[in-house]
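**Student:** Sequence and predicted structure are below.
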Number of protein chains: 2
Amino acid sequence: MGATMKDLAKETGLGLATISSYFNGGNVREKNRVKIEKAIKNLHYEVNEVARSFKTNTTRTIGVVIPELNNTFCAQIITELEDVLRSHGYATIVCDCRTDETLEKEAAEFLQRRRVDGIISMPVSTNSRHLDSFSRTGKPIVLIDRMIQGLPCDCVLTDNRRAAHDAVRLLTGHGHKRIGLVGGPGSVYTALERLQGYLDALKEAGIRPDERLIYNGDYTIRGGSEGIRRLMQDNPDMTAVFVTNYEMTMGAVITLNEEGVRIPEQISLIGFDNPEFARACNPSLTIVTQPVREIGQEAAAIMLERLAEEQQTEKKPEERSIRRLKTALVAGRSVADINVCCGRNMT
Amino acid sequence: MGATMKDLAKETGLGLATISSYFNGGNVREKNRVKIEKAIKNLHYEVNEVARSFKTNTTRTIGVVIPELNNTFCAQIITELEDVLRSHGYATIVCDCRTDETLEKEAAEFLQRRRVDGIISMPVSTNSRHLDSFSRTGKPIVLIDRMIQGLPCDCVLTDNRRAAHDAVRLLTGHGHKRIGLVGGPGSVYTALERLQGYLDALKEAGIRPDERLIYNGDYTIRGGSEGIRRLMQDNPDMTAVFVTNYEMTMGAVITLNEEGVRIPEQISLIGFDNPEFARACNPSLTIVTQPVREIGQEAAAIMLERLAEEQQTEKKPEERSIRRLKTALVAGRSVADINVCCGRNMT
DNA sequence: TTCCGAAACCGAAACGTTTCAGTTTTGTAT
DNA sequence: ATACAAAACTGAAACGTTTCGGTTTCGGAA
């Protein structure tokens, strides 16, 4: 069916190399250029990118491995990534590994077999096993959101520790002492950072941390629901809570709603990530927001830069870069002063 | 660098064809099988999928074109698609066309050049221009959520008309007469269907439709905000409103919140799509939900089936199938009886 | 007109698989 | 032991592009 460059050559009477040169920005005499273009039209020729990839050993394809496409944070980042990459001619193969380390490793191998030119990964776990093999190919890897010890590659992170610190400081500043944390899985880099920021703020306020006030969730809606329920049950004296991602924030709000707990009169709450959701809540939520767009754009930009470097002869690979982006604390109406807070009467 | 099958052949003393046969499930004697496997280990051999694609003229890759990855409805569907497809060895290239017809066409061409084996599209507009060229290749196309007149291919849809009808009937059933509609763009298939369902319900209740009660939004948060604001301004007597996708529902809730309009005392509301969001709202929302997971799984299944068909010699291609999935109406607390509704005092 | 360097052109080889048509080996029945 | 069909194996050709040297053509200077 489809015409090939050979057909173009025959049709135009030109050599194969000339046709190729035409498609790769080489110099072609004007009259030949029009001849070629006419032939393309006639034969409905279309470049075969597969053959090209095969020959050049580059696929102009980037693999992206993420824990959950359903997670808006991830989805938004991918939106940006894909946008930037495609506008530079790169395709994006997305692999959702469902927060599963085994699937994550399989995804990386899958991408490697398909010879992607680079991998952008939001890693599920703290070790680098799933990327070791790919990293040996020398092709670039960019990590987003979470760092991995011992894997020397570029990272785009947000300053989670400071973000959590700022958030919890707002609570202590309002006089809260019994502050709950709905945190993430202990195995996740960002979760540890956010926990650390929480502890920083408590320390700063001279409050001794209490294990019973810390719940390790799983970054899902259900996890958030369960987390806040447990915290309230175990701590009748808790007056504020900090929830550390969007899905769990939503879960917490659902539970509070359904249990009829009033925000912020009975409990102050600071959430995470989704400013529109925060505004849609009643009362609106005070939240930490991350610069999602920038994360995606930055990661894509770094990836493209690395790929360009490789092209250049003997350009020494730059030092690995670690970009750490700033978060913001967006004020809503979900935080009240301690002496406005009238507490709860739970079972 | 990377070893090839030729290297394996040399290392094992076997023929190239035997190695190939090994990788393609052909019969190989046990002792040779172990020899090959040892060689794979030694040489760190890895199948070159690009070369394979080149030779076989199939990429085991599916292109997915959607209007907005940021739209949770889309993101959820893609999650399912990708899951099913990858578990069958297919890669998924996602193209977010930002609800732009030009970008949509470019995306389709991009995918065609890359020789994807099929395209799954949630089309932005009602004509088939962007898919005509691909469809000429004879490779399968599956449309999701929106149909296109004159493009004979499989579709997976939801019964939007009935869904809207049911929702609005709930409102008329509660005695509402002045019911607003925050609808989608006039160019979008689902939007028209939902509008039709709205009109059906009004007719059924003997209510004459009023242009001023119909707002054509753009399926974004901002559009929903603007829509409800306009409707309230233009219709002081409006007592209920039906919002026809998740993003606009969120936008509407934000505006109602920020304007201090109470749901359902001042206005009854029925939203769309995201049951978790509906529960997180205060009061919880009554909404129409679509079977997102099924849509994705169904679309992927149909695609895989078509691809399998092609393999088989002379298997007559089945009739195009149009699957229409059922929606559900999930009750919340955002709809009140007309005589509970005390109306608004707007400027 | 002649000459020259530069620009444009050219064919052939190569990339790593699959597949074809043919050859050898195997196991079994005689 | 022999014959035979089936199973297992084989090398070579082919897929559509890029790239390497080498050849032709061009346009301007002398």
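**Tutor:** Arrived safely.

**Student:** beta partners for residue A:94?
**Tutor:** Counting by DSSP bridges, residue A:94 is bridged to residue A:64.

**Student:** just for the stretch 51-200 of chain A, where's the confidence low?
**Tutor:** Judged by pLDDT under 70, the stretch 51-200 of chain A has no weakly predicted residues.

**Student:** redo that, cut-off 80
**Tutor:** A:125 (pLDDT under 80).

**Student:** Now do the helices in it.
**Tutor:** Counting by DSSP state H, counting those that start in this stretch, the stretch 51-200 of chain A has helices at residues A:72-87, A:101-113, A:129-136, A:160-173, A:189-204.

**Student:** Just tell me which of these ends up closest to residue B:68.
**Tutor:** When the helices of the stretch 51-200 of chain A are compared by CB to CB, helix A:72-87 sits nearest residue B:68, at 7.7 Å. All C-beta atoms are positioned from the backbone trio N, CA, C, and that covers glycine.

**Student:** between the helices of the stretch 51-200 of chain A, which one is nearest to residue A:277?
**Tutor:** If we rank these by CB to CB, the stretch that ends up nearest is helix A:72-87, at 8.6 Å.

**Student:** That closest one near chain B anywhere?
**Tutor:** Yes: Helix A:72-87 reaches chain B (CB under 8 Å from any CB of the partner chain) through A:72, A:75-76, A:78-79, A:82-83, A:86.

**Student:** just stretch A:208-220 next, same as before
**Tutor:** No: using CB under 8 Å from any CB, stretch A:208-220 never reaches chain B; the gap is at least 10.3 Å.

**Student:** what comes up buried for that stretch?
**Tutor:** The neighbour-count check on stretch A:208-220 (16 or more other CB atoms under 10 Å in any protein chain shown) flags A:213-220 as buried.

**Student:** Let me know the closest of the residues you listed to chain B.
**Tutor:** Nearest to chain B among the buried residues of stretch A:208-220: residue A:220, at 10.3 Å, using CB to the nearest CB.

**Student:** For that closest one, which non-adjacent residue is spatially closest?
**Tutor:** residue A:247 (5.3 Å; CB to CB, 6 or more residues apart in numbering or on different chains).

**Student:** hmm, back to that, closest to DNA strand C among the residues of helix A:72-87 next to chain B?
**Tutor:** residue A:86 (25.6 Å; CB to the nearest atom of the strand).

**Student:** so the closest one touches residue A:80, yeah?
**Tutor:** No: counting by CB atoms under 8 Å, residue A:86 does not reach residue A:80; the two are 11.1 Å apart.

**Student:** Send me stretch A:131-143 as PDB with only the CA atoms.
**Tutor:** Below are the C-alpha coordinates for stretch A:131-143, written out as PDB (Å, rounded to 0.1, in the frame of the first residue of the first chain):
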ATOM      1  CA  LEU A 131      15.400   2.100  36.700                       C
ATOM      2  CA  ASP A 132      18.800   0.500  37.100                       C
ATOM      3  CA  SER A 133      18.600  -1.300  33.800                       C
ATOM      4  CA  PHE A 134      17.400   1.700  31.900                       C
ATOM      5  CA  SER A 135      20.000   3.900  33.500                       C
ATOM      6  CA  ARG A 136      22.700   1.600  32.200                       C
ATOM      7  CA  THR A 137      21.700   2.500  28.600                       C
ATOM      8  CA  GLY A 138      23.000   6.000  29.400                       C
ATOM      9  CA  LYS A 139      19.700   7.500  28.200                       C
ATOM     10  CA  PRO A 140      18.400  10.400  30.400                       C
ATOM     11  CA  ILE A 141      16.100   9.900  33.300                       C
ATOM     12  CA  VAL A 142      14.200  12.700  35.000                       C
ATOM     13  CA  LEU A 143      12.500  12.100  38.400                       C
END
